[in-house]
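S.K.: My questions concern the predicted model and sequence given below.
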Amino acid sequence: MFIEEVRDMYDAEQRLTKALPKLAEESTTPELKAAFESHLGETETHITRLEQIFGMFDRKAQTDTCKGMKGIISEGEDILDEDTDPWIKDAAIIAAAQKAEHYEIAAYGTLRAWARILGRQDVEQLVEFTLEEEKKADEKLNGIASRLNARAASVRG
Ligand SMILES: [Fe+2]
């Protein structure tokens, strides 16, 4: 079950490396663009850590379609297709990105707990690094949203 969940996240993170550049490109707020670009680098590290975890369990790195992340990204893409005010679009992009972050935080929280119960402190530590980066990325988005949402809400139409 642990490995199945790792495969799921291996797929989810790879989907995110494709989605994040699109989100950066479609964002208007420079701070938001920068946040997505820096999280792309972190996401690549998350993929490397998952590959390390496969190795620590003597398993080959392989993906299992993450239907959850697929759905979240697909919903996000619908927002990108909408022709709306740039502030509103940025607010909607943040909402979509935070859904992805929360999904990851939930999944890595589970993996950390399972690694602990399996007596694999080495794995628990690696998952912890990723979990902390996901939480920081989410907090950064909270900060950007709090500045941006007021502007977005002032747009009427
Ligand atoms: Fe990640």
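M.R.: Good, I have the coordinates.
S.K.: What score does the closest residue to the ion within the chain have for pLDDT?
M.R.: Of all residues in the chain, the one sitting closest to the ion is His46 (3.8 Å; CB to the ion). C-beta: built from backbone N, CA, C; applies to glycine. pLDDT for His46: 98.
S.K.: do the same with the one 4 residues further on
M.R.: On the pLDDT scale, Leu50 is placed at 98.
S.K.: Can you get me a residue count around the closest residue to it other than its chain neighbours?
M.R.: In space, and not counting its chain neighbours, Leu50 is closest to Tyr10: 4.8 Å by CB to CB, 6 or more residues apart in numbering. For Tyr10, the count of nearby residues is 20 (other CB atoms under 10 Å).
S.K.: how about Pro8, what does it touch?
M.R.: I think there's a mix-up here, since residue 8 is Asp and not Pro. Applying CB atoms under 8 Å, 6 or more residues apart in numbering, we find Asp8 in contact with Asp64, Cys66, Gly68, Ala107.
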